[in-house]
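> sequence unknown, structure follows:
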């Protein structure tokens, strides 16, 4: 079975097929990067096993392919906090390659999203560094945000962006 077939199986209407695909991908995380977007989508699966297998696989993935950044940016604003978190995480792993999405990440930091998603977006901006300068206004508006962990993440992002200005 080809890896793209497993990616397609993650959106099957048959829960046992989704579980099987998610489990196989978790056992082959080294090749699962090709279906990173499908894995992020499947984190929001109603079936807990599917979701957990996908998270396990995503934890092992490195930097996403540049072609995945646009679909990930769409998933970053998902109403499902887990999907948004993992989309933003992969975007952050891309570092400066993801610079064109800095404004979106800044908007997420300043949004009403779940705190862990907002913190992750700040972390992603820190990973992008000086190329994320367009997000400074949103970050500055959140310097005193609650919880304190979000404020710390915002401060780190600002420091990373302003490092080479």
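Perfect, I can see it now. Just so we're clear, the structure is a prediction, and the values are computed from it rather than from any experiment.

> elements contacting the helix or strand harbouring residue 26?
Under the criterion of DSSP states H and E, residue 26 resides in helix 15-27. Under the contact definition 3 or more C-beta pairs under 8 Å, 6 or more residues apart in numbering; DSSP states H and E, helix 15-27 sits against helix 3-9, helix 36-42, helix 48-60. Yep, even glycine has a C-beta here, placed from its N, CA and C like the rest.

> Please repeat the previous calculation with a cut-off of 7 Å.
Contacts defined by 3 or more C-beta pairs under 7 Å, 6 or more residues apart in numbering; DSSP states H and E place helix 15-27 against helix 3-9, helix 48-60.

> Contact partners for residue 108?
76, 88, 117, 118, 121 (C-beta atoms under 7 Å, 6 or more residues apart in numbering).

> at 10 Å instead, please
By C-beta atoms under 10 Å, 6 or more residues apart in numbering, residue 108 lies in contact with 73, 76-77, 84, 87-88, 91, 101, 117-118, 120-122, 124-125, 135, 138.

> Once you drop chain neighbours, what's closest to the residue of the chain positioned farthest from its centre?
Relative to the centre of the chain, and counting by C-alpha atoms, centre = their mean, the farthest-placed residue is residue 1 at 26.9 Å. Sequence neighbours aside, residue 24 is the residue nearest to residue 1 in space, at 7.6 Å (criterion: C-beta to C-beta, 6 or more residues apart in numbering).

> Report pLDDT for the one you found.
pLDDT for residue 24: 95.

> For residue 143, give me its contacts.
Contact analysis of residue 143 by C-beta under 10 Å, 6+ apart lists 150, 151, 154, 155, 158.

> does the first one sit in a helix or strand, and which one?
Using DSSP H and E, the element containing residue 150 is helix 148-162.

> ok, now residue 146?
Residue 146 belongs to no helix or strand when assigned by DSSP H and E.

> what's the distance between it and residue 118?
As defined by C-beta to C-beta, to the nearest Å, residue 146 lies at a distance of 11 Å from residue 118.

> From the contacts of residue 108, which land in helices?
Taking DSSP state H as the definition of helices, the contacts of residue 108 contribute 73, 84, 87-88, 91, 117-118, 120-122, 124-125, 138.

> what about this protein, any weak spots by pLDDT?
For the chain, the stretches flagged by pLDDT under 70 are 164-165.

> same thing but at 90, please
Along the chain, segments meeting pLDDT under 90 span 1-4, 28-31, 145, 163-165.

> so who does residue 139 touch?
105-106, 109-110, 121-122, 125-126, 132, 145, 153-158, 161-162.
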